[in-house]
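K.L.:
One predicted model, sequence on top.
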Protein chains: 2
Amino acid sequence: MLYSNYLDISIDCVVFGFDDNENSLKVLLIEQERISDTIDPQKALPGDLVLKEEDFDIAANRVLQELTGLTGLFLKQFYAFGNPQRLKHEKDQNWLQKYRINPEIRIITLGYYSIIRMEDYKLIPSSFASKAEWVDIDEIPNLAFDHNEILEMALENLRIDTINNNISFELLPKKFTLAQLQNLHEIIFDKELDKRNFRKFIKKMDELIPLNEKQKGVYHKPAQLYSYERNSK
Amino acid sequence: MLYSNYLDISIDCVVFGFDDNENSLKVLLIEQERISDTIDPQKALPGDLVLKEEDFDIAANRVLQELTGLTGLFLKQFYAFGNPQRLKHEKDQNWLQKYRINPEIRIITLGYYSIIRMEDYKLIPSSFASKAEWVDIDEIPNLAFDHNEILEMALENLRIDTINNNISFELLPKKFTLAQLQNLHEIIFDKELDKRNFRKFIKKMDELIPLNEKQKGVYHKPAQLYSYERNSK
DNA sequence: ACAAAAGTGTTGGAGATACACCCATGA
DNA sequence: TCATGGGTGTATCTCCAACACTTTTGT
C-alpha cells in the first residue's frame, strides 16, 4: 500500500460450527503470532485489512479463506466497530508494533458472521496465523482487541437468524436426529427445551424431511434421521 | 485534514418523524448544494465525514446537528455500506468534484437511524445544506448516492424496533390518541389493522397511560388522550 | 434383563383473528 | 339532525407450556 492514511478498515469473522460428535457449538479462532518468547500468543477472530477497492463481502470471504482455508461460506455483516480506543490496549499494541507497518493508525472493523456444517469443510491454517482451531462456545478465552465483544454480538445475530430464518439447520450435518437439533437450539439459546414441545414445534416446518434411514452404531434405540431442504423462495 | 489517504468514512442519518397534523410518517432530507444552474440539486440523507479520531456514535450526533440543528437524538448504527461503486454514478461525481477535496476517494458510510417527536424539535438548516425538510415516506424521490437503499434498510430496522421495543411511541406527540397510534403502525407496517384488535393489543401494555384529557377542536366525538411512560428497567 | 436414549398426546391458558353496532361532539 | 370518527365484546382458533410413560436397540 503506497498511501499514507489515518484510517484502515478490517474485517473480523465469527464462524460458528456445530460439532456433532461432541454435540457442542464452536467458534473458529486463530492464534496470533508470538510477540516474544515470554508472552503467550493471544487467540483472536480471523480478520485482516480490507484492500483498497475491495467490496466488504468479498473481503470477508478472502480474509477467511487466507486465514483458515474456508471458502464459499455465506458471511453476513452485522456491525461496524469503530471505537477509537479499540486497539489501544497494551496487549494489542505490542502485537501491532511488531506486525503492522503503522501500528498507530485507527482501524475500524466490520463484524461478519457465518455458520458451517463442520463435515463440509476442512481447516487449512495459513502461514499468517499460527493455527486455526475450533473452540467451544463455553470456553472462549480473553481474545485479542475487542473480539470478545464482536463474538457476543455475532451470537446475538445467530439467535435472531435462528428464530427468523431457521439458520440453525445449516450448522447440522446433512443427516441429523431431532435430538441433535434440539441440543443445538439449547446451546444457541442457552436454555433447556421440552422434548415433546420442541418436536411439535419443528415438525410444523415442511422443510424438515424424514429420511428412510436410522442412526447406526448406537447401543440404544436408534433415532430417525432427518434432512432440511430450504424451500425455493 | 492533512492526511493523504485512500479511504474515508462517513455517516448518513435516517431520521423518522411523525407528523401528527397530517398523520404521516416523514423522513428528514437535505438538499445538496447546486452543482450548476441547469441541474436541480439532489435530495440526500443528512451525512458527512467522520473526523480523524471521532467515535461513530458521536460523529452521527455531530453530523446531524450540523446539518439540521437536531441534537440529543438517540442514533442507532444499523449497517456499513461500502460498495466501491457507491459514489461512482455521474450524478454524484459532479457533486463530489465540486464539493470534495478528493472526489475520487473511496468512502464507506455507516447508516444510522433515529426517530423523533416532531413537536420536540425545530429544524435549523445549516449553511452546508441548502435546506433540511421533512418528506413523506411515500413520496421519497431518487436520492443522491445509495441513499434510497440506506433509507429502505433503516425502515426495516424501524419495523423491528417497533415490534421488539415499542419504539413507535417515541414518534408520537406526548399526548396522543389511539387512532394516531394505530395510524402510525399502519404506516410503519404498510398494512391495515383491525381497530378493536389493535386496541386490545396495545392496552395490554402498562406503559400506556390514559390521561384525564380529551381531544379538542374536532367536530366529532373527541378521543381519549394517552401518554407512554417507558418502564424503568 | 438391563441401560440408554427415542418417541409419543392431552389439557389448559394466552394470544390472535374476525366481525358490527352505538356514542359523543360540532356544524 | 346529521356527519364524523370514537369506542366497545364475543366466539373461534391457533399457539405455547406443562407433564410421564412405552419402545427399540446393543450389551
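P.N.:
Received it, and whenever you're ready, just let me know what you need. Numbering: from 1, shown residues only, chains lettered A, B, ... in the order given.
K.L.:
Show me the contact partners of stretch A:224-233.
P.N.:
A:166, A:169, A:172, A:174-178, A:181, A:206-211, A:213-215 (Cβ atoms under 8 Å, 6 or more residues apart in numbering or on different chains). C-beta coordinates here come from the backbone N, C-alpha and C atoms, glycine included.
K.L.:
now check stretch A:75-90, is it near chain B?
P.N.:
Yes - counting by Cβ under 8 Å from any Cβ of the partner chain, contacts between stretch A:75-90 and chain B involve A:77, A:79-80, A:82-84.
K.L.:
Surely A:A59 is within a helix?
P.N.:
Yes - A:A59 forms part of a helix when assessed by DSSP: H, G, I helix; E, B strand; the rest coil.
K.L.:
For it, which non-adjacent residue is closest in space?
P.N.:
In this structure, A:A59 finds its nearest non-sequential neighbour in A:V50, 4.3 Å apart by Cβ to Cβ, 6 or more residues apart in numbering or on different chains.
K.L.:
count of neighbours near that neighbour?
P.N.:
Counted with other Cβ atoms under 10 Å in any protein chain shown, residues neighbouring A:V50 total 24.
K.L.:
Okay, and the residue lying closest to A:P103 once chain neighbours are set aside sits in which element?
P.N.:
Once flanking residues are discounted, A:P103 sits nearest to A:L96: 3.6 Å by Cβ to Cβ, 6+ apart. Using DSSP states H and E, A:L96 falls within helix A:90-99.
K.L.:
pLDDT averaged over that helix - what is it?
P.N.:
Computed over helix A:90-99, the mean pLDDT rounds to 90.
K.L.:
now swap in stretch A:118-134 and tell me
P.N.:
72.
K.L.:
again, but for stretch A:155-167
P.N.:
93.
K.L.:
Around chain B, which positions in chain A sit nearby?
P.N.:
Checking chain A against chain B by Cβ under 8 Å from any Cβ, the hits are A:1, A:3-9, A:50, A:52-56, A:77, A:79-80, A:82-84, A:106, A:108, A:110.
K.L.:
Chain A against DNA strand D: which residues are in contact?
P.N.:
A:194-197, A:200-201, A:214, A:218-222 (Cβ under 7 Å from any atom of the strand).
K.L.:
just to revisit the earlier point, out of the contacts of stretch A:224-233, which sit inside helices?
P.N.:
A:178, A:181 (DSSP state H).
K.L.:
Give the full set of residues in contact with the closest residue to A:D138 other than its chain neighbours.
P.N.:
Leaving aside its sequence neighbours, A:D138 sits nearest to A:S24 (Cβ to Cβ, 6+ apart; 7.7 Å). Going by Cβ under 8 Å, 6+ apart, A:S24 touches A:18, A:136-138, A:187.
K.L.:
hmm, which of those residues are the buried ones?
P.N.:
When those are checked for burial by 16 or more other Cβ atoms under 10 Å in any protein chain shown, the buried set is A:18, A:137, A:187.
K.L.:
name the element the last one belongs to?
P.N.:
Under the assignment given by DSSP H and E, the secondary-structure element containing A:I187 is helix A:178-189.
K.L.:
now the helix or strand hosting A:E152: how far from the chain's centre is it?
P.N.:
Using DSSP H and E, A:E152 falls within helix A:147-165. Distance, stretch centre to chain centre, for helix A:147-165: 10 Å (Cα atoms, centre = their mean, to the nearest Å).
K.L.:
All good on my end, thank you.
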